Every structure is written in C-alpha cells, then in structure tokens.
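Visitor: Give me a model of this one.
(chains A, B, C and D)
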There are 4 protein chains.
Amino acid sequence: MVIVIKKNATEEQIIEITNRLEDYGFDVHRSDGRQRTILGAIGVQHDFDTRKIKIMDGVADVYRITAPYKLASRSFQREDTQITIKDVVISSEKINMISGPCSIENEDQMFTLAETVAKSGAKILRGGAYKPRTSPYSFQGLGEEGLKLIRKAADEFGLIVITEILQIDQIDALTKYADILQVGARNMQNFALLKEIGKTRTPVMLKRGLSARIEEFLMSAEYVLANGNKEVFLCERGIRTFETMTRNTFDLSAIPVVHEKSHLPIFADPSHATGLRSQVPPMARAAVAAGADGLMIEIHNEPEKALSDGPQALLPDEYLDLMDELRMIAKAIGKEFA
Amino acid sequence: MVIVIKKNATEEQIIEITNRLEDYGFDVHRSDGRQRTILGAIGVQHDFDTRKIKIMDGVADVYRITAPYKLASRSFQREDTQITIKDVVISSEKINMISGPCSIENEDQMFTLAETVAKSGAKILRGGAYKPRTSPYSFQGLGEEGLKLIRKAADEFGLIVITEILQIDQIDALTKYADILQVGARNMQNFALLKEIGKTRTPVMLKRGLSARIEEFLMSAEYVLANGNKEVFLCERGIRTFETMTRNTFDLSAIPVVHEKSHLPIFADPSHATGLRSQVPPMARAAVAAGADGLMIEIHNEPEKALSDGPQALLPDEYLDLMDELRMIAKAIGKEFA
Amino acid sequence: MVIVIKKNATEEQIIEITNRLEDYGFDVHRSDGRQRTILGAIGVQHDFDTRKIKIMDGVADVYRITAPYKLASRSFQREDTQITIKDVVISSEKINMISGPCSIENEDQMFTLAETVAKSGAKILRGGAYKPRTSPYSFQGLGEEGLKLIRKAADEFGLIVITEILQIDQIDALTKYADILQVGARNMQNFALLKEIGKTRTPVMLKRGLSARIEEFLMSAEYVLANGNKEVFLCERGIRTFETMTRNTFDLSAIPVVHEKSHLPIFADPSHATGLRSQVPPMARAAVAAGADGLMIEIHNEPEKALSDGPQALLPDEYLDLMDELRMIAKAIGKEFA
Amino acid sequence: MVIVIKKNATEEQIIEITNRLEDYGFDVHRSDGRQRTILGAIGVQHDFDTRKIKIMDGVADVYRITAPYKLASRSFQREDTQITIKDVVISSEKINMISGPCSIENEDQMFTLAETVAKSGAKILRGGAYKPRTSPYSFQGLGEEGLKLIRKAADEFGLIVITEILQIDQIDALTKYADILQVGARNMQNFALLKEIGKTRTPVMLKRGLSARIEEFLMSAEYVLANGNKEVFLCERGIRTFETMTRNTFDLSAIPVVHEKSHLPIFADPSHATGLRSQVPPMARAAVAAGADGLMIEIHNEPEKALSDGPQALLPDEYLDLMDELRMIAKAIGKEFA
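Guide: Presented below is the predicted three-dimensional model:
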C-alpha cells in the first residue's frame, strides 16, 4: 500500500499516520521527495480497508498495490486452471460449447435439444430448473422434476449437465443431478451462496454481475476458492451501460484482461448479452475471436412457445450452421473446439 | 403494448403478427397512418416478454405501455403507504432517521451508540449481525449473538431494530429479534430471498442495487408485495457509474421519481453512497432537501477500530450536530422529523 | 408518437391533450381500451420534443415511435452506402484497413510506416496533425507541416489519407491534403463542426462519443448528411463504463445494431478502445468476427519514443502478423479484406 | 509515480525499467519489500503517459500519485477563487443564482423574464443565442440578434449576462455582449475552443460533460487556466448512467469532491439534469443543501411555446416560490444567497 502525503502536511501528522499503520501491522518505509513524501506500507492484509488511512489528516491519496484477491490471481498460480469432468476438460487448451434451452420445459424438448447439442459436437448441456425471474408473475422453473429430465437427456446423448443454483437449500438436489453449478449474474455477490458452493466439490461457472468490475468478479471467485472448491470458471455475459438499443453491453475486452490477471478459464454468453436471436451469431463469432475458453448459447426448437427467453434462442439449424463458422474462426486464431 | 410495423412490411406479415398477438391473448387494434401502421395490443400480462413480438418479421419496434410492476405502482394505490411499527410510523408524513453502527461488535459499543441514537431523537437503531463482505477474508458478523445485543440495546433506549438479512435460513432468527428486515443492494435481485420475506409479516427495507434501474427496483419490491407482505419501503444508496473519485453516485433524482411512480416510502443512505465521513453531511442534507422520507446514517464511537466501514461512520458529536441542521432543512421544505 | 393516458385522467384532460397535439400539427387517433386510453399522434416532426406532451396533466407516458434521424436510417435508404475514394471503396462488401501512427512526427517515421501499411495490403494511411489532448501540456501536433508529410508518404506508396479535424478553420488545409476527415469521439456532438463538414464534399469518418448512445451516434451522422455530404461512415471506439481495468469498453454489439438501423458503414478502432498494445490483437480479431466494415489500428516503429499513444501502437511486425490472422477470420465469416 | 514490479520479474527487467524511467527524466527510488519491489519515480511531468511504463516487461501496475491538473488544484491555490464581475462576486461566500430562458426568442420574452430574474433577487441572466441541438432540424438560435436582446434586457434590470459559446469564431461577438461565457457539456473537451477562451479575459462557466470524470472536468478547466484566463467556475449538470427514468443522473456528490480537490467555485444546473419541470424544485433544493456555490435554473413565461426546452422551464411564479425555499435551506446550512 502506498500513502501519498499532502504537500502541506505537518511532521506530526506524518508520524501519526506512520504509527497508525504500524498499529495495523504494516512495515512502513518513508520516502521524502522534493515535492512529496510517500509512505510505503508493506504487509497489507487482503481485506484491509484503505479508507481507514485515506481519511486521516495529512493523507492525499492511498493506493492498494496488491490485488484484493489472492487464490484467483495469476501471481498465485501461473498455470491455467484445468477442470476435468468425466471426458470434458475445461481449460485454455480447447474451446468448450455449452448449449441447450433457457428453461427445462418437458421431456420432448430436452431430448430434441440434447440431440442437437450432441450432433453439434458440444458436450455440455444447459437448462434451468430454478429460474431467477425479474417478475414474480413469470414461470419459475420445474424444480427437481426438471433436474431429472435434463439428467436423463444428457445421459442419453453422452453429455454433461450445467444448471443454475439460486439458493443454498438447492445444493443437495443440484449436486445430485448436475455436473456443473451455474451462479447467475444476479447472485454474483450473494456471498452466503458462494460460501456454501465453496464447500462442495462440484465445479462451478460464475457469471459476471451486471455491474461487476473485473476485480469484483475475481473476488467472487475468490469466495468459492477460499472455501476449498478449486474448480471454478468464469463467464462474461454483458454489463449494464447507458446504451439502450442493446440489452447489455457484451464486454469482450474482459476476456484478455481476465487471462492476464487470473488462471481461471473464462467463457462468454452471447445469448444473454444481446437478448436477441439476430445478434447472437455475430457476438458468438466475436467471442471466439477474442479468445474465450468456451461459449454458452441458448437454443430452442420452438422458441415462440418457449417458457422463457425464446427470443434469444437460436433454432437448431441456425445453431449447427453457427458452430461450423465458429470452428473456422477458432482455426484462424490457432485454437480448436473440444 | 404498441407494435410499430416496418414501412415496407407486407400485409401477410401484419396479419401474421396480429394472429400471434391474439394467440397470446391480446385484443388487437390496428391503425393505418400515412406513413406507418401501428397495432395496439390490449391486455398485456405483467410478465409478457415483448421481445417475442419484436423479433417477428415486419416489426420495427415494440413499446410496453404499462409498467411491469403492479402492486408497487401509484396507479394501483394512490395513497402513500404507511408502515406502523410500535410507536414508529414510516410514511411520507414525517422523516424518520435510522442510525447506528455498520456492524454489531460488542455490548459496550451497542449501548453507547443506542444512547446517541436516542439522544438525537431518532427511533430506529441499525446494526449488522450478518455482513455481506466483498472479501471472504473480512469480518462476517457476530450472528445471533449480535442480534441479542442490538435487541437489548434498543429495548434499553426505547428504539426499534433494523438489521440485514443475507439468506433464507436467517429469517427465523431475524424476525425474532428485529422489527425491520433490511435487504442489501447486492441482494436486491435475490428473488428466492425476496419471495420468502414476502411470506413473513415483518416490515422490510429494500435497498437499491448498484446497477438497478428504478423500474427494476420497483419490480423487486413487487416480489415482496406479491407474496403478501405489504410493509415495504425503499432506500436509495448510490449507483455505480464511471466516476472514480466517489465510491458510488448518490442518485437523489430517484427520490422524486419514485414518489411519482409508487406509493412506497423511500429513504436515502448517504453513508454507503459516499463511503467517506467528510461527504456524509453534505449528502445527508441534500437527501432531506430532495424529499427523502427517511435517512440511514452510520455512526461509531471509535471508527478507527470499527470492524467494518469505520471510515464512513460519523462520530456521535458530528451526528448530533448534523441532526440539528437536518431538522432546519426539513423545516425549510415544510416537513419535520418524526 | 403514442400517448398513454393516465388511468384516472378526466375527459377534459384528454380533450386538452388532443387539442394541444392538433395545435402542434398532429393527426390524432384515439383508442379507448378496457384499462387505458391511448392516443396515436401521426405526423411527428423529426425534432419534436416529446416532453412537451409528457408534462401535461393526464399523460402517463409518451413514446416516439419513429427514429429522430431520417437520412441515416435504413428505412430511408435500404442499400448499404458505398463511398469511393480513388481506388478505395468503403462499403459492406469488403473490409478496409486504416493504419498508421497516432501523430505525424517526422518524415522518416511517416515513410517507414506508410511502407508497412502498403506492405500489409491496406490502402488507407492515418496520422494526426492536429491532436486533441486531454492535457494542455501535451504535444498538440505538427499542424499543416504534418499534413504535407502524410500526403507525401501516402502518395509515395499509393495510399489515401485520413486525418483528424478539430476545428472549423482547419477545413481548408485538411481538405487540401486529406482524402477523408476524421471527427474524433470528443467532437461527435460538436454540431458547429459537423455542420461545416456537411457542407464539404470530403468523405468523413465519425467516431462514436465516449457516452453516445447509438441513436445519438446516428443523429450526429444526420447532421453531416442533412447538410449535403452523403459520404459518411462510422467508427466504434469504445464507450465509457464503470470498468476500470480497461480504458474503455469496446462495444462490438453496436456493429450488428448499426447495420440493422442504418445503411452507413461502420468501422472499429481497437487501439483507442483498449489503449494497450497487448489487447489490440484479440479485440481486432473480435471486431472482424463481429462484422465490422473496416478497422483502424495504430502502428509505430519506435513506440517508446512516440509523441502520443505509443503504448497502444503495434510494432510493424506485430501488425503484419495480425493482418494475416484477420484475413483468415474474414474468410471464416465469408468476407475478405479490400 | 509508483511502479509495482511483478513478483517474478528478473533483476535485468528491474534495471531496464529503472533506466527507462531515468531516460524520461525521473529520479528513481527503489524499495525491496518481502513480497514486492516498488519503484518510486519522482518528477513526473503533468502530461506523462503512465502506460509507457505499464507495458514494460516486469511491471505489474503503475500509479500516478499526483493529479494530472495543476493550476486547478487546491494544492496549487489554497484559497477559494473569487470572480468579480461588476457588482457580482462568484465565490464560495454566497450562493449566486443564474436564471432565464433556454433560448433567447424575442424582446418581449427577454424583458418579461429579466424582470422576473431581477424580482427574485438574482443577478445573472441566462439565454442562448447559439444553440447546440442534437437534431439538425431544430431551432439553432437567433445569433447576434439574440445577443443584442439579452444585453438590452439585462441592462434594463441591472443584471449581468451569461450565454453559451459553440465555436471559436463567436468569441468576438460574445465577449462584446456577454459578461460570462458558458461552455456546454458537449464542448467540455473541445480543446480548441477551450484554448481560445483561455486567451480571453472573460469569465467562463464550464459545464461538466455527460461522461466526464471529475478529474477530466478539472483538466478541462486547466486548459482555460493554462492559457491565462483565471476566471473559471464549474457547473454540474447531470451525468449519463444506465438509468432511463431520469434524463441524466444529477451527481451532487461531485460538489463536495470538487470543493476538496479544487479552489474553483462549482454551480449546479437542475434544469438540464432532470429535464422535467416537476423535478427541478426538489433537485434545486438538494443542490443548495449539498453546498453548490450557485445554481442555474431555466424559466419561461410560456413554456408550451418555448423554442427549446420548454418542458424543463419553471413558470415565473414557481421560480419565485422556489427561491424563497432555497433561501431558507441556505440559511439552514449557514449560507446565504448573493
């Protein structure tokens, strides 16, 4: 931590600041320049609230110079994280595709779509049984009944299952039927939930919150990692900005930044980012080109009758065509799909 | 719902759109202008996904013309909501002050601060027993032990208690010790939690999410109301913007907007909005002047030793001075503190 | 324009609103639903301020249902705009590359870089002679001397020239030496400048403002078009959001949206969007994959000595390698570079 | 400037970074902690691009520890700036009110409104002769004819005149008729214009850009100051955020921050911030309570016929009532109106 002292600070103030820092357990190094005095405080705890120093008399500014996350950082672990689930390996080596409907609706739907997913070469089937809906009047998911359906469909076509968790008391049911737990954008800072998921050994995909800075995104991953679960990967799904012609602003620039700061794989979800079918293919292409380690794309055989998010679902044929293009883009940047 | 037809749409497309709307249960009125054809679709469900129509061929734009919330709206209930808790009345009539420490730390602290709160004329004591912390390495609250302390301190000084709920399984403990449940910004769209709180009959203060539009804020209130709990009030606490010199951007313009759209009282929290002690007084003054129905302000007797958010806590004397000023501002706009 | 009447509005209020609309020159169609009365107002001028109606008693909401821009819209012109400058054609047919240094610094630099640009197969040379700098203490450009240098270098290698205009009195010098005028992000709403450029017949590339909605971006293009200059193309260069780990948020989702709403070509500038050399290649790849009609990329032979923006400039070899990859991505999505 | 070295950086890299810093003219102090090496670089120029170091091998992060502005900073000048114009003093001592119509329309209008302004006790008359309009089809102002009208009306009622400048070639006309030049939000980073205004000796009110950080706001003031014009004051007028129910988000928290960082007075403009008449009074009250050094409020005698921004103009009587309330709020916080 670096403390910049105000130009007109008194010697007494500097001593008071130094003492306070030492009380908090820091080693303090003082550097008197021509214009400014600067204190370097070594040994900052990961959760130190820098405002404690910022509000002291004589302090101009305080800079934390270490990231507030540790286990999630590239400086803690240099090698990219690899997560192996049955025959699926999530990593920076190959691009994985997650696909399926927004909500699990019935057996026919799940089997039809699982077949499409398998046909496309993807290995991870998605589908929500517990749905977080903005409106209390909307379809809230089939619950455990849905979990059974997606498991059955996945097993039939040799796929693994990812599905969303909304609350702690769903952990037992979800870890029974699913291979990967998904934490949605609105729960990215539901710390109580993250803690409990951290105590399981089920891999988890953590989606970026609507207004989460990348640093906070990694801090939320830290919550899971710090509780013992090392099988975490991330998913960019659009952030909230002032733009109103798009549903969210798909922040693909987050991908190279996360790759630099962290060893965790990062996927991208163009379906939720754009919210409109016609915009999913260009943004899916862009996500692969930007270096995403995987994609999540929603599909539906009868989108106009879908119980949720039909307008952003690709039709099976559109999806299969898109996959062909995505493979070519992957090749162009020296990667390939799993 | 109003559907604007594209200039070059065919008659077949218009008929197809009309039929689809009727299938969804709408009455459709067609209006052919010189330049544009417009369809009015009457009878929209509160949760209808307008994108279902937007993606159809021939559609230029779709406008929902009714709010997606109902029970929270001024058109559903014209009179301002009044919430009576013991001798406290939360409403647009008088301004209520909530005050106390960020975290409940020990008996001495709670009794000292409760005494200050009572002395200031405020009637609602705050203090967190379960803390949502960005870092997994930070103090996470005293839990039920803390709840007992705040209850005891409040009873001693004739105050009522508000405290934050983080997860569903805390409802029993919290409703036993607290008079008002607080839902924090990060849980504003934790719909699972909102639903369960909606089933209690304990009043709830819902804080605005960091990136929540006012419409979504009211939708989250709707979740509680729709489940049967009518005792809801709101709290503006700063939104996330591009500005980095302030912690959040305190959106006081939300106050007159909420008053126009909804009958629910709205408080303001300058402590979390600004995050720095020196900025709390000017923003507290501004919140009262903007018409807030109440304020929440953090105080601490030894902020430098506080286990959380010390840098934004006012000292007891600063707080008492501020209250005097706030009363004068209230008077200037024809209101008074409860 | 659609006017939604409040539930409890009186008949007198509705008549008053109708009369006001007629005074403003609208044809009004009234539709009385079970729950709501709606007025359709036909004949809205492109610049009508809808707030004039919104503030009237009895009005719940007002929706403009036509875009505020006209000449820039796809409904005004269905075919994509093509801009021919010597042997260069800017259009949706082929992807054009603009490349060169941030600032024109000296003859050696311009000739070295122009040679690289030509070698890469690109046809448009960039370089700033008048620099808009955030700091008044920074290098402000070589002025007309610089214009002569870039023209000479471009002519030597068969390239055309794009350079930025900052103020009206530069139009004569710039149109003498440059083939394309660039309007920077900070001037996107410098309407005085846009008007004057609209009176020239020099093609113009308009960059998106840091906080410009797509609708406003198109409105600024409209300023140029409405003054008679039809040779306009756009450039996405990142928008301002809450994220601090990236310089801007590169809004690639704007590309398919602009293609849908407008006939104007849209380029992308990953150099300014990211501000860091290491992030330029992934974002350049993503921009091509997202469907950009062209790219603008900064290069420098000695970036550590560059007078501006060296840290975001690619080295000539990095740039040539990147071009090879971009050609492959273009091919993967069925396009090619000009 | 503080440079944090990567954990795994080599000694060669650290030496290379040190040499580069010395080449750029810095004195370098090295501090080797247990976990990290940190370099302090003393003597940073105000316009140094820190990315030049950030991209070097071995660098983890770079922190500028001095503000990029100088003349505008509180550490350069401790006393609040005072600007005296005839009998008006703009400063932190007393609150000044600027009032008048959005656009100058005709003599009757200007005289009627100037009379209201004078009656309210305000001393500064506003009115636009050159209008920056989002739409090229909107009223663009009366030009010099308008300047004559506002001057005449102001002289009649003993007021001084503020009016907006859009382009450099308007400086002569504007400095002839106006006492204060206003630079609008969209021109806050029109550096060419700021430079020329800096060469005049006419006081200038600089409005905050829609997406300007406070630091950039002060940098734009620096442009004027650095060119010799010391008579600068600022105006907060709302920033762009994700909220759509308000026109802008009025960032009142900027007021105490500017007061801390700079000696320049800061006004607030609730009319443009909110864009709706009904929201102007609560936000005007809040601005005074937050500590604004002045306010700018639009009024109109016939707002429904106003050529621009009528919906946000207060009627003369509303304005006079509001002024009474504002005086009481000022008193409550120990201030008074000029």
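Visitor: just the strands in the stretch 51-200 of chain A please.
Guide: A:59-63, A:83-85, A:88-90, A:96-100, A:124-126, A:160-165, A:180-183 (DSSP state E, counting those that start in this stretch).
Visitor: got the contact list for the closest residue to A:Asp49 other than its chain neighbours?
Guide: Once flanking residues are discounted, A:Asp49 sits nearest to B:Pro311: 6.6 Å by Cβ to Cβ, 6 or more residues apart in numbering or on different chains. All C-beta atoms are positioned from the backbone trio N, CA, C, and that covers glycine. The contact partners of B:Pro311, taken as Cβ atoms under 8 Å, 6 or more residues apart in numbering or on different chains, are A:Asp49, A:Arg51, A:Lys52, A:Lys54, A:Ile55, B:Gly275, B:Leu276, B:Arg277, B:Pro303.
Visitor: what's near enough to touch the last one?
Guide: Going back to what we said before, that points to B:Pro303. If you count contacts by Cβ under 8 Å, 6+ apart, then B:Pro303 has B:Arg277, B:Gly310, B:Pro311, B:Ala313, B:Leu315 around it.
Visitor: Give me the phi and psi for it.
Guide: Main-chain torsions, B:Pro303, degrees, to the nearest 10: phi -60, psi -30.
Visitor: Break chain A into its domains for me.
Guide: A:2-63, A:83-332 (automatic domain parsing).
Visitor: so how far does the first one reach from one end to the other?
Guide: Terminal residues of domain A:2-63 are spaced 5 Å apart (Cα to Cα, to the nearest Å).
Visitor: quick one: it to chain centroid distance?
Guide: Domain A:2-63 sits 35 Å away from the centroid of its parent chain (Cα atoms, centre = their mean, to the nearest Å).
Visitor: A:Thr244 contacts D:Glu243, correct?
Guide: No: applying Cβ atoms under 8 Å, one finds A:Thr244 not in contact with D:Glu243, separated by 10.8 Å.
Visitor: Between the two, which has more neighbouring residues?
Guide: D:Glu243 (22 against 11; other Cβ atoms under 10 Å in any protein chain shown).
Visitor: any idea how far that one lies from B:Ala254?
Guide: Distance, D:Glu243 to B:Ala254, by Cβ to Cβ, to the nearest Å: 8 Å.
Visitor: shared neighbours, these two?
Guide: Joint contacts of D:Glu243 and B:Ala254 (Cβ under 8 Å, 6+ apart) are B:Ile214.
Visitor: and which of the contacts of B:Pro311 is nearest to D:Asp80?
Guide: B:Leu276 (20.9 Å; Cβ to Cβ).
Visitor: so that closest one sits right up against B:Arg247, yeah?
Guide: Yes: if you go by Cβ under 8 Å, B:Leu276 and B:Arg247 touch, sitting 7.2 Å apart.
Visitor: Around chain D, which positions in the stretch 51-200 of chain A sit nearby?
Guide: A:Ala60, A:Asp61, A:Tyr63, A:Ile65, A:Thr66, A:Ser75, A:Arg78 (Cβ under 8 Å from any Cβ of the partner chain).
Visitor: Any quick ChimeraX command for the buried ones out of the residues you listed?
Guide: Buried residues among those (16 or more other Cβ atoms under 10 Å in any protein chain shown), as a ChimeraX selection:
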select /A:60,61,63,65,66,75
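Visitor: Out of the residues of the stretch 51-200 of chain A next to chain D, the closest to chain B would be?
Guide: Closest approach to chain B among these (Cβ to the nearest Cβ): A:Asp61, at 10.5 Å.
Visitor: which residues touch that closest one?
Guide: A:Asp61 neighbours (Cβ under 8 Å, 6+ apart): A:Ile3, A:Val4, A:Lys54, D:Ile65.
Visitor: Kindly give the local confidence score, pLDDT, for the residue nearest to A:Asp49.
Guide: If you check B:Pro311, the pLDDT there is 90.
Visitor: so it, which of the three states?
Guide: Classification of B:Pro311 using DSSP: H, G, I helix; E, B strand; the rest coil returns helix.
Visitor: and it, how far is that from D:Val257?
Guide: 15 Å.
Visitor: swap in A:Ala338?
Guide: 50 Å.
Visitor: Next: A:Ile150.
Guide: Distance from A:Ile150 to D:Val257, by Cβ to Cβ: 51 Å.
Visitor: Including distance to B:Ile90 and pLDDT, could the residues of the stretch 51-200 of chain A next to chain D go into TSV?
Guide: Shown next, in TSV, are these (distance: Cβ to Cβ, whole Å; pLDDT from 0 to 100):
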residue	distance to B:Ile90	pLDDT
A:Ala60	41	88
A:Asp61	40	87
A:Tyr63	42	87
A:Ile65	45	78
A:Thr66	44	76
A:Ser75	49	85
A:Arg78	54	93
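Visitor: Would you mind putting the residues of the stretch 51-200 of chain A next to chain D into CSV with distance to D:Asp321 alongside?
Guide: Shown next, in CSV, are these (distance: Cβ to Cβ, whole Å):
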residue, distance to D:Asp321
A:Ala60, 44
A:Asp61, 44
A:Tyr63, 48
A:Ile65, 53
A:Thr66, 55
A:Ser75, 61
A:Arg78, 67
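Visitor: Out of the residues of the stretch 51-200 of chain A next to chain D, which comes closest to B:Gly238?
Guide: The closest of those, once distances to B:Gly238 are taken by Cβ to Cβ, is A:Asp61, at 21.0 Å.
Visitor: Show me what the closest one is bridged to.
Guide: Assessed by DSSP bridges, A:Asp61 has beta-bridge partners A:Val4.
Visitor: Compute the distance between it and D:Phe26, please.
Guide: 19 Å.
Visitor: How about A:Asn106?
Guide: For A:Asn106, the distance to D:Phe26 - Cβ to Cβ - is 68 Å.
Visitor: higher neighbour count, those two?
Guide: It is D:Phe26, of A:Asn106 and D:Phe26, that has more neighbours when counted by other Cβ under 10 Å, with 21 against 13.
Visitor: ok, for the more buried one, nearest residue in space, not its chain neighbours?
Guide: D:Ala41 (3.9 Å).
Visitor: Was I right to think that neighbour contacts D:Gly25?
Guide: No: applying Cβ under 8 Å, one finds D:Ala41 not in contact with D:Gly25, separated by 9.4 Å.
Visitor: between the two, which one's more packed in?
Guide: Counting neighbours by other Cβ under 10 Å for D:Ala41 and for D:Gly25 shows that D:Ala41 has the greater number, 26 against 11.
Visitor: check contacts around the more buried one.
Guide: Taking Cβ under 8 Å, 6+ apart, one finds D:Met1, D:Val2, D:Ile3, D:Leu21, D:Phe26, D:Asp27, D:Val28, D:His29, D:Ile53 in contact with D:Ala41.
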